[in-house]
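# here are the coordinates; sequence isn't available:
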């Protein structure tokens, strides 16, 4: 008999806490029930919360490993985040030369086939090079360009299965051609590092853009043109109900009251919590580089050397949940939804993000302080210490 189960009085279902058992076999949940069936193994997690595995759709690395690095580095970065509850992940590649970014896509694809990766690599997230130079943030302006069809089209035609999403500035895609090409190949178009106005965003949405990359971080707001106000990306995200947003919920990029405002307007069904973590997350190092951009770690966040802006986070997924619940005072069920079911819906992961029959047996187990106690990926317990 291969059937196993988790026992807990704090199982986090979509709409309630549940006291009972999660049965799983072959990496799949077979039943969530109060009934006591015979099993080959039980994991007693009584007193701990059990949620679906966390899904981080925007991270540059962790544990000292970069997602722009070798296949081994990618494997190790995934393993680091897995110990913090992230069972599904989008390795994010920052703007650099197009050839370098294309090489990173190949490495991520190889890591997607690597049996050492116990969780799921959803696919590459390309953050650039088609961004706004005025909203570059920590991205290197030297590599930023408008979309170049002879570059991107061969890449996506060859690697559509390896690329999950692409962040770009809609104002540089006036006819929506780039967004349309992504959408036609099943790649999520996401607006980010952008000075787009409402008209730009409407064109983007009409051509398949469904997400705003790290809302409030390098995203435009209301501007004036000869006195007439124009909505930016932030206001457009609020106005268009179907548009998803992701937020860096590390407690540094956004203050708790702003997180609450976003939650109040968009709701848990349209918000994904992301780390946007850099490679130095989980290390003792205080200085590093993201591609060609130098940064320093101070006050629990990565900053540009002149301290004019943040350069990324050193957060892990469990920290996002702590900030959302303890600082922003978002109810636990909704906070969990924003790091499980909602990102699963955004990335069209039909077997991830929920504890329910026929879903993947991915679980994060944590205590009242949101400290990770156990992690399961496709039913396999992961050593976290």
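Cool, the structure landed. Since the model is a prediction, treat every value here as computed from it, not as a measurement. Residues are numbered from 1 along each chain as shown.

# From residue 227, how far off is residue 349?
46 Å (CB to CB, to the nearest Å). For the C-beta atoms, the positions are set from N, CA and C on the backbone; glycine is no exception.

# now do the same end-to-end measure for stretch 174-194.
Stretch 174-194 has its terminal residues 13 Å apart, counting by CA to CA, to the nearest Å.

# List the buried residues for it?
Buried residues in stretch 174-194, counted by 16 or more other CB atoms under 10 Å: 176, 178-183, 187-194.

# And those, which is closest to residue 129?
Nearest to residue 129 among those: residue 193, at 10.0 Å, using CB to CB.

# For the closest one, list the residues it contacts.
Counting by CB atoms under 8 Å, 6 or more residues apart in numbering, residue 193 makes contact with 127-128, 131-132, 135-137, 139, 167, 169, 213, 218-219.

# same question, residue 371
So residue 371 contacts residue 318 (CB under 8 Å, 6+ apart).

# Backbone torsions only: list them for it.
Dihedral pair for residue 371: phi -100, psi 130, per degrees, to the nearest 10.

# Any figure for the gap between it and residue 172?
With CB to CB as the criterion, residue 371 and residue 172 are 43 Å apart.

# same thing with residue 180?
Computed as CB to CB, the residue 180 to residue 172 distance reads 14 Å.

# Also residue 137?
If you measure residue 137 against residue 172 using CB to CB, the figure is 16 Å.

# Which stretches in the stretch 251-385 of the chain count as strands?
271-274, 287-290, 293-298, 301-304, 310-312, 363-366, 372-377, 380-382 (DSSP state E, counting those that start in this stretch).

# Tell me the strands beside the second one, with direction?
This means strand 287-290. Applying DSSP bridges, strand 287-290 is found paired with strand 293-298 (antiparallel).

# Show me which positions of the longest helix along the chain end up buried.
Longest helix of the chain, by residue count under DSSP state H: helix 98-112. Going by neighbour count (16+ other CB under 10 Å), the buried part of helix 98-112 is 98, 101-102, 104-105, 107-109, 111-112.

# right, and out of those residues, which lies closest to residue 52?
Lowest distance from residue 52 to the buried residues of helix 98-112 (CB to CB) belongs to residue 112, with 20.7 Å.

# pLDDT value on the closest one, please?
With respect to pLDDT, residue 112 scores 98.

# likewise residue 286?
At residue 286, the pLDDT value in this model is 78.

# Likewise for residue 291?
pLDDT, residue 291: 68.

# from now on call the first residue 256
Sure, I'll start counting at 256 from here, so that last one is residue 546.

# Please report phi then psi for the closest residue to residue 372 other than its chain neighbours.
Spatially, and ignoring its direct neighbours in sequence, residue 372 is nearest to residue 333 (5.2 Å; CB to CB, 6 or more residues apart in numbering). The phi/psi pair for residue 333 (degrees, to the nearest 10) reads phi -60, psi -40.

# Check residue 420 too.
phi -160, psi 160.

# pretty sure it is in contact with residue 346, am I right?
No: the criterion here is CB atoms under 8 Å, and residue 420 misses it with residue 346 at 10.8 Å.

# show me what contacts residue 627?
Residue 627 sits in contact with 338-340, 573, 619-621, 639, where contact means CB under 8 Å, 6+ apart.

# what's stretch 326-340 in contact with?
Residues external to stretch 326-340 that are found in contact with it (CB under 8 Å, 6+ apart): 308-309, 311, 314, 316-322, 324, 344, 346, 362-363, 365-366, 369, 371-374, 376, 530, 532, 534, 536-537, 571-574, 619, 621, 627, 630, 632, 637, 639.

# same deal with stretch 631-640?
259, 261, 279-283, 298, 308, 337-338, 342, 373-375, 615-618, 620, 627-630.

# Check residue 560 and give its pLDDT.
Residue 560 is assigned 84 on the pLDDT scale.

# if I read this right, it contacts residue 544, doesn't it?
No: assessed by CB under 8 Å, residue 560 is found out of contact with residue 544, at 10.4 Å.

# which one of the two has more residues nearby?
Taking other CB atoms under 10 Å, residue 560 and residue 544 do not tie; residue 544 has more neighbours (15 against 11).

# what's the burial count for the nearest residue to that one once chain neighbours are set aside?
Spatial nearest neighbour of residue 544, chain neighbours left out: residue 550 (7.1 Å); criterion: CB to CB, 6+ apart. Neighbour count for residue 550, taken as other CB under 10 Å: 22.

# where do the strands sit along the stretch 356-505 of the chain?
For the stretch 356-505 of the chain, strands defined by DSSP E, counting those that start in this stretch occupy the ranges 375-376, 379-382, 418-423, 443-446, 466-467, 478-480, 483-485, 499-503.

# any idea which of the ones you listed scores lowest on pLDDT?
strand 478-480 (a mean of 93).

# Neighbouring strands of that strand in the sheet, and parallel or not?
The strands beside strand 478-480 in its sheet (DSSP bridges) come out as strand 483-485 (antiparallel).

# which residues touch the strand it pairs with?
Residues from elsewhere that reach strand 483-485 (CB under 8 Å, 6+ apart): 452-453, 477-479.

# ok, 6 Å please
By CB atoms under 6 Å, 6 or more residues apart in numbering, the list of residues contacting strand 483-485 from outside reads 452, 477-478.

# next one: stretch 541-554
In this structure, residues lying in contact with stretch 541-554 by CB under 6 Å, 6+ apart are 349, 351, 393, 395, 533, 535, 557-558, 560, 566.
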